[in-house]
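A.B. asks: Compute the structure for the input listed below.
(one chain, ligands or ions: 1)
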Amino acid sequence: MTLKIVAIAGGVGGAKLAEGLYRVLPANALTVIVNTADDFEHLGLHISPDLDTVCYTLAGIANPETGWGRDEETWNALDNISSLGGPDWFRLGDRDLGMHLERTRRLHDGQSLSEITAQFCAIWKVNAQVLPMSNHPVATIVDTYEGELAFQEYFVARRCEPVVRGFRFEGVQIAAPAPGVLEAIEAADVVVICPSNPWVSIDPVLAVPGIREAIQTKPTLAVSPIIRGQTVKGPAAKMFVELGIKPSAEAVAAHYGRLLSAYVFDRADAEQTKAIEALGIMSHMTDTLMNGPKDRQRLAGEIIEFVQRVIVETPVKSYL
Ligand code: FO1
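C.D. replies: Reported below is the predicted structural model:
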């Protein structure tokens, strides 16, 4: 049986697992719903970092060193901006800039972010559906002890240094899921929450009216972004600490709570198995570090096998 999978993803960590799933599933069996609350305007251009990271990664054209931006990149435009005293704190390479210019032109022409994403993915021969969570603007605002900061200011300009107190997703109450989002969840056999930051990559997606409710009706599996109390990349573990929660695989499972029917976490956290299963979640322990394409595909293959065994072929829908 071919599974239809919806993956929920943020940036680099989420894109790695999405790519693994994409490579092991048949064509068009995967839909990736991507966080767009990191989006902002910069140099007059619409920037959608997580959407671009997922699209570039599935297309095989992502920058292998950073995980974001384009491969074989050059930086002439940025050097020129810099030499003229312009804003160079957010690094857009020449190839990436070309895509941004064309996307912003299409947006000004009246096309939606989801339409443009589908057009670009077709050109890049991505045989998966990649959907922004919403076509409406939503902006993560980080509440820190230094005041509120726009997400990229906190993340890139301030290198996640300010201590966080909380988050809000501006505009989310009046946002609607992008076309195809609820339909994809409805058609899915399982929803996979990728190992992205729960606070600022996954929560904004779940906050779009209708998305959490739709996921709630489906078997849902999450993969822990935390191994031995730490994140591979990004500030998720630091955020847990600053919010007064000990960062752990268990803490992430508890954060998603009743949304989850199954959970995949790292062998290094074996001692947390009982606590995780006490949350009423079926668990699978494995190596979750994704260093290269082989790891991504092995982890994706294990997830699919686990899902088939414990969710799809379980006659009693005890997971709901
Ligand atoms: N992250 C950085 O840490 N520094 C950058 O200069 C930077 C530029 C950038 C350009 C395009 C893009 O799509 C992503 C970019 N990112 C950069 C990553 C991105 O801002 C964050 O990783 C995400 O918003 C968090 O998922």
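
A.B. asks: from here on, contacts and neighbour counts on C-alpha atoms
C.D. replies: Noted.

A.B. asks: So which residues on the chain come close to the ligand?
C.D. replies: 10-11, 38, 49-50, 52-53, 68-69, 89-92, 156 (CA under 6 Å from any ligand atom).

A.B. asks: Please pick the buried ones from these.
C.D. replies: Gly10, Gly11, Asp38, Pro49, Asp50, Asp52, Thr53, Trp68, Gly69, Leu92 (16 or more other CA atoms under 10 Å).

A.B. asks: With respect to pLDDT, which of the residues you listed ranks lowest?
C.D. replies: Of all these, Gly11 has the smallest pLDDT value, namely 91.

A.B. asks: ok, that residue - contacts?
C.D. replies: Neighbouring residues of Gly11 by CA atoms under 8 Å, 6 or more residues apart in numbering: Asn35, Pro49, Asp50, Leu51, Thr53, Val54, Trp68, Ser196, Ser201.

A.B. asks: Could you do Ile116 as well?
C.D. replies: By CA under 8 Å, 6+ apart, the neighbours of Ile116 are Arg103, Arg106, Leu107.

A.B. asks: Export those residues to JSON lines and append columns for neighbour count and secondary structure.
C.D. replies: Listed next are the contacts of Ile116 as JSON lines, based on neighbours: other CA atoms under 10 Å; DSSP: H, G, I helix; E, B strand; the rest coil:
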{"residue": "Arg103", "neighbour count": "21", "secondary structure": "helix"}
{"residue": "Arg106", "neighbour count": "15", "secondary structure": "helix"}
{"residue": "Leu107", "neighbour count": "16", "secondary structure": "helix"}
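
A.B. asks: Quick one: the helices in the stretch 1-150 of the chain, in order.
C.D. replies: 12-24, 49-59, 76-83, 94-108, 113-123 (DSSP state H, counting those that start in this stretch).

A.B. asks: which one of the ones you listed lies closest to Ala278?
C.D. replies: helix 12-24 (26.1 Å; CA to CA).

A.B. asks: now the angle between helix 49-59 and that closest one, please.
C.D. replies: For helix 12-24 against helix 49-59, the angle by axes from the mean of the first three to the mean of the last three CA atoms, to 10 degrees is 30 degrees.

A.B. asks: got the contact list for the residue in the stretch 201-320 of the chain that the ligand sits nearest to?
C.D. replies: The ligand sits closest to Ser201 of the stretch 201-320 of the chain, with a gap of 6.7 Å, by CA to the nearest ligand atom. Shown in contact with Ser201 (CA under 8 Å, 6+ apart): Ala9, Gly10, Gly11, Asn35, Ala37.

A.B. asks: need the contact list for the second one.
C.D. replies: With contacts defined as CA under 8 Å, 6+ apart, Gly10 is in contact with Val34, Asn35, Asp50, Leu51, Val54, Cys194, Ser196, Asn197, Ser201, Ile202.

A.B. asks: In terms of distance to Arg23, which of those residues ranks first?
C.D. replies: Of the contacts of Gly10, the one sitting nearest to Arg23 (CA to CA) turns out to be Val54, at 13.5 Å.

A.B. asks: Dump the helices of the stretch 1-150 of the chain to a markdown table, plus distance to Gly280.
C.D. replies: Compiled in a markdown table, the helices of the stretch 1-150 of the chain are given as follows (distance: least, CA to CA, whole Å):
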| stretch | distance to Gly280 |
| --- | --- |
| helix 12-24 | 24 |
| helix 49-59 | 31 |
| helix 76-83 | 50 |
| helix 94-108 | 44 |
| helix 113-123 | 36 |
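
A.B. asks: one step back: now intersect the residues of the chain next to the ligand with the strands, please.
C.D. replies: The strands, defined by DSSP state E, take in nothing from those.

A.B. asks: where does Ser83 sit relative to Lys274, distance-wise?
C.D. replies: Separation of Ser83 from Lys274 (CA to CA, to the nearest Å): 57 Å.

A.B. asks: same thing with Ala254?
C.D. replies: Ala254 is 13 Å from Lys274, by CA to CA.

A.B. asks: For the two, work out which one has more neighbours and name it.
C.D. replies: When neighbours are counted by other CA atoms under 10 Å, Ala254 and Lys274 differ, and Ala254 comes out ahead with 16 against 11.

A.B. asks: Give the closest residue to Leu289 in space, chain neighbours not counted.
C.D. replies: Of all residues beyond its chain neighbours, the one nearest Leu289 is Asp295 (7.3 Å), with distances taken as CA to CA, 6 or more residues apart in numbering.

A.B. asks: Just the buried residues of whatever helix or strand the one you found lives in, please?
C.D. replies: Assigned by DSSP states H and E, Asp295 falls within helix 293-307. By 16+ other CA under 10 Å, the buried positions in helix 293-307 come out as Asp295, Arg296, Gln297, Arg298, Leu299, Ala300, Gly301, Ile303, Ile304, Phe306, Val307.

A.B. asks: Thanks a lot, catch you later.
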